[in-house]
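**Student:** 3D model of this:
(2 chains, ligands or ions: 2)
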Amino acid sequence: MQASQVEIRKVNKFYGPFQALKNVDLTIPPGKVTCLIGPSGSGKSTLLRCINFLEEYDAGEVRIDGQLIGYDAPGRKMSGRKLREMRRSIGMVFQQFNLWPHMTALENVAEGLIRVRGLSKRDAQARAEDALRKVGLGDKMANHPSRLSGGQQQRVAIARAIAMEPRLMLFDEPTSALDPELVGEVLTVMKTLAAEGMTMVVVTHEMGFAAHVADQVAFMDAGELIAAGDPASILHQPQDARIQSFLRTYHERNSF
Amino acid sequence: MDFGILQQYGPMLLRGFGNTVLCWALGTIFAMALGLLIALVQRYAARWVRWIIQAYIEIIRGTPFLVQLFVLYYGGPLIGLRLDAVPAGLLGLTIYGSPYFAEIFRSGFRAVPVGQIEAARAIGMAELTIVRRILLPLGLVSALPALVNFSIILTKETVILSIITVPELMYQVQRMSTETFRYLEANLVLALFFWALVETISRLGRRLERRITRHLLTERT
Ligand SMILES: Nc1ncnc2c1ncn2[C@@H]1O[C@H](COP(=O)(O)OP(=O)(O)OP(=O)(O)O)[C@@H](O)[C@H]1O
Ligand SMILES: [Mg+2]
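**Tutor:** Ligands and ions are numbered 1, 2, ... in the order given. Below you'll find the model as predicted:
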C-alpha cells in the first residue's frame, strides 16, 4: 500500500476576525498514525479539514506528498477538477458517519467507485463487498443506514473510504457519537488499517487509542500546535502546563 | 334547486373539468421544473445572478395571479408576445407557481445535512454528480409534503384562467350560469369536482411519501 506524507507549514485560518489556526506546523509521516488531541474548540477539526481542503486555510501550506492542496500557488485557488483529483487519494471519516441514508451499505460504498473512479457497476459492487467484509459487515450489505447500529454505520463509512484505496485517511472523532460498548468495534477496524501501514490522522478523545496505537501525538490548544512527539513524551511526561492540565481534566473525568 | 339541468350541461362541464385537470397538471409540472431550476441556480450562482432571481421571486410573490395573467395576456402583445388563451394560461401558471416551488426546493435542500454533502466532496465527487445523486434525492424527500401542498393550492388557482377565456371548468360554469341562471347548482358542481381532484392528489401524495421515505423513517443519529 502506498502511504502519503503530509506537511503542514505555518497554516493560518480565520473565521472572520477569529483566528482558529495560528501558524500550525506539523509533519505527518507516511505509514504512521498521528493522533490530534486537545480541548474542545482548540482547532483540531479545522486543522484536519484543511488537509483535504474541506476547510480553506488562509495562509501557509498543506502539502500532500509534496503537492500543495487547494492552491496552485499561494493565494491562487486550484481548479475544482484538480482538487477533486487530489481528494481521491484521501479518505475521510466523520463523527456523524454521514452515510447517504437513501442508499444501502453496499450502495454507499460502491457510489464513489462508480461515480468518481468510473468503475463498472459490477466491479464496483465486488470491491464494495470486499471492503464491507473487511470491516466485518459482510452480512449487512443490503441494509440501509437506518437499519444499522452506530458502530456498524461508522464501519460502513470506513469501508466507503478505504474502498477508494486512499493513501491517507482522516478521522474526525470517529467514536465520539457512539455508545461506549460500540467504540471497540470501530477502534479495532482502525487498528487493522494502522497495522497495514496506512497513513492516518485521527482527531480523538480516546487517550487509550492515542497511547497504544499512535506513532505521533500532537496537542493543540486555542488554535496553536503546542507539541508533537511520540505518545510517551506527550502523554506521560508532558512538559507544557497546558498539556498537563488537559490530561489532569481527562483523568478526573474518567475516574470514578 | 334543480339539478336536472345537468343533463344538458353535463358533457360541457366534464370537458371543462378535463381542461382544468390538464391545465393544472401541465402548469404544475412546468412551474415545478422552473422552481427547481431557480432553487439550484440560487444555490450555486454568482451573487448578482442570485440577486436578480431574488427580485423575480419577490415581484411574482408580491402580486396577485389575476393581475399577472392580465398583464401577460393583454400586455404581452405590446412586446410581441401574442399567445392563445391556453398557452398564455399555462405560461401564467408556470410563472406564478415557480417562486413558491423554488422556495420549497430551497428549504428541502437546506434540510440535507451538510455532512452528507461533505462526505461526497471528500471522496472527490463532482459538484453536479453530488446534486444528482445526493442533494436532489434527499432534498426531494424533505420537500415532498410541501410540494404536494402547493400543487393542491394550484388546482384552485386554475379557475382564474377563465378570465382569459381558457375553456376550463370555471369558464363553463359561468357560461351555464348566465344561460340558465342556475348559479348555485353550477357552483356546487364546480366545488364537487375540485374536492374530488384535491382528494385524489392528496391521497396520491401521501402514498408517494410513504413509498420514498420507507428507508429513512427510522433513521438514527
Ligand atoms: N464555521 C465556523 N465559523 C466560525 N467559527 C468556527 C467555525 N468552525 C469552527 N469555528 C471555531 O473555531 C474553533 C475551532 O473549532 P474546531 O471545530 O476546529 O475545534 P475542535 O478542536 O475540533 O473542537 P471539538 O473537540 O469540540 O470538536 C472553535 O472556537 C470554533 O468555535
Ligand atoms: Mg472537532
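**Student:** Below-threshold pLDDT in the chain: ranges please.
**Tutor:** Went with chain A since none was named. Counting by pLDDT under 70, chain A contains low-confidence ranges at A:1, A:256.
**Student:** try again with chain B
**Tutor:** Applying pLDDT under 70 to chain B picks out residues B:1, B:217-221.
**Student:** now the helices: where do they sit in the chain?
**Tutor:** Since no chain was named, I'll use chain A. Counting by DSSP state H, chain A has these helices, from start to end: A:44-51, A:80-87, A:105-115, A:121-134, A:150-162, A:180-195, A:207-213, A:231, A:241-254.
**Student:** nope, chain B please
**Tutor:** Using DSSP H, the helices assigned to chain B run over residues B:6-44, B:47-61, B:65-70, B:85-110, B:114-122, B:127-130, B:136-157, B:169-180, B:183-212.
**Student:** With distance to ligand 1 and mean neighbour count added, can I get these in a markdown table?
**Tutor:** Yep, even glycine has a C-beta here, placed from its N, CA and C like the rest. Converted to a markdown table, these look like this (distance: least, CB to the nearest ligand atom, whole Å; neighbours: other CB atoms under 10 Å in any protein chain shown):
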| stretch | distance to ligand 1 | mean neighbour count |
| --- | --- | --- |
| helix B:6-44 | 18 | 18 |
| helix B:47-61 | 20 | 12 |
| helix B:65-70 | 41 | 16 |
| helix B:85-110 | 16 | 21 |
| helix B:114-122 | 10 | 20 |
| helix B:127-130 | 20 | 15 |
| helix B:136-157 | 22 | 19 |
| helix B:169-180 | 52 | 20 |
| helix B:183-212 | 32 | 15 |
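**Student:** With respect to residue A:14, which of those lies nearest?
**Tutor:** Residue A:14 lies closest, by CB to CB, to one member of the helices of chain B: helix B:114-122, at 20.1 Å.
**Student:** Could you export that closest one as PDB, CA atoms only?
**Tutor:** Backbone C-alpha positions of helix B:114-122 (Å, rounded to 0.1, in the frame of the first residue of the first chain) are rendered in PDB as follows:
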ATOM      1  CA  VAL B 114     -24.100  19.400   5.200                       C
ATOM      2  CA  GLY B 115     -22.000  16.400   6.400                       C
ATOM      3  CA  GLN B 116     -23.600  14.200   3.700                       C
ATOM      4  CA  ILE B 117     -22.600  16.600   1.000                       C
ATOM      5  CA  GLU B 118     -19.100  16.900   2.500                       C
ATOM      6  CA  ALA B 119     -18.800  13.100   2.600                       C
ATOM      7  CA  ALA B 120     -19.300  13.200  -1.200                       C
ATOM      8  CA  ARG B 121     -16.900  16.100  -1.700                       C
ATOM      9  CA  ALA B 122     -14.300  14.300   0.400                       C
END
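**Student:** can you list the residues that contact stretch A:54-62?
**Tutor:** Taking CB atoms under 8 Å, 6 or more residues apart in numbering or on different chains as the criterion, the residues outside stretch A:54-62 that touch it are A:6-14, A:21, A:23-24, A:46, A:49-51, A:53, A:68-70, A:74, A:92, B:118, B:121-122.
**Student:** Are any of those buried, and if so which?
**Tutor:** Under a neighbour-count criterion of 16 or more other CB atoms under 10 Å in any protein chain shown, the subset of the contacts of stretch A:54-62 counted as buried comprises A:6-8, A:11-13, A:21, A:24, A:46, A:49-51, A:53, A:68-70, A:92, B:118, B:121-122.
**Student:** Next, the contact list for the nearest residue to residue B:156 once chain neighbours are set aside, please.
**Tutor:** Distances taken as CB to CB, 6 or more residues apart in numbering or on different chains put residue B:194 closest to residue B:156, at 6.5 Å, once the chain neighbours are dropped. Contacts of residue B:194 were listed using CB under 8 Å, 6+ apart, and they are B:155, B:156, B:169.
**Student:** so the first one touches residue B:200, yeah?
**Tutor:** No: counting by CB atoms under 8 Å, residue B:155 stays clear of residue B:200, with 10.0 Å between them.
**Student:** I figured residue B:158 hits residue B:20, correct?
**Tutor:** Yes: using CB under 8 Å, residue B:158 is in contact with residue B:20, at 5.4 Å.
**Student:** So for the two, which residues contact both of them?
**Tutor:** Taking CB under 8 Å, 6+ apart as the contact definition, residue B:158 and residue B:20 share the neighbouring residues B:168, B:169, B:170.
**Student:** Please name whichever of the helices of chain B is nearest to residue A:114.
**Tutor:** Of all the helices of chain B, the one in closest proximity to residue A:114, counting by CB to CB, is helix B:127-130 (9.9 Å).
**Student:** and the gap between residue B:149 and residue A:199?
**Tutor:** Taken as CB to CB, to the nearest Å, the spacing of residue B:149 relative to residue A:199 amounts to 51 Å.
**Student:** Now do the contacts for the closest residue to residue A:173 other than its chain neighbours.
**Tutor:** Using CB to CB, 6+ apart and skipping the chain neighbours, the partner closest in space to residue A:173 is residue A:95 (4.3 Å). Residue A:95 makes contact with A:172, A:173, A:174, A:176, A:177, according to CB under 8 Å, 6+ apart.
**Student:** residue contacts, the residue nearest to residue A:218 when sequence neighbours are not counted?
**Tutor:** Among residues not flanking residue A:218 along the chain, residue A:228 sits closest, at 4.0 Å (CB to CB, 6+ apart). Residue A:228 makes contacts with A:26, A:34, A:216, A:217, A:218, A:219, A:234, as judged by CB under 8 Å, 6+ apart.
**Student:** Can you say which of the helices of chain B is nearest to residue A:104?
**Tutor:** Shortest distance between residue A:104 and these, using CB to CB, is found for helix B:136-157: 13.6 Å.
**Student:** can you tell me which residues contact the residue nearest to residue A:87 when sequence neighbours are not counted?
**Tutor:** For residue A:87, ignoring the flanking residues on the chain, the nearest one in space by CB to CB, 6+ apart is residue B:124 at 4.0 Å. By CB under 8 Å, 6+ apart, residue B:124 lies in contact with A:84, A:85, A:86, A:87, A:88, A:112, A:116, A:164.
**Student:** I figured residue B:167 hits residue B:13, correct?
**Tutor:** No: with the criterion set as CB under 8 Å, residue B:167 and residue B:13 do not qualify as a contacting pair; they are 11.1 Å apart.
**Student:** before we move on, back to that, so which of the helices of chain B comes closest to residue A:99?
**Tutor:** Of all the helices of chain B, helix B:114-122 comes closest under CB to CB, at 7.6 Å.
**Student:** residues in chain A within reach of ligand 1, list them.
**Tutor:** Within chain A, the positions adjacent to ligand 1 are A:15, A:18, A:20, A:38, A:40, A:41, A:42, A:43, A:44, A:45, A:46 by CB under 6 Å from any ligand atom.
**Student:** and the gap between the fifth one and residue B:80?
**Tutor:** As defined by CB to CB, residue A:40 lies at a distance of 64 Å from residue B:80.
**Student:** Report the contact partners of residue A:46.
**Tutor:** By CB under 8 Å, 6+ apart, the contact list for residue A:46 reads A:13, A:20, A:21, A:55.
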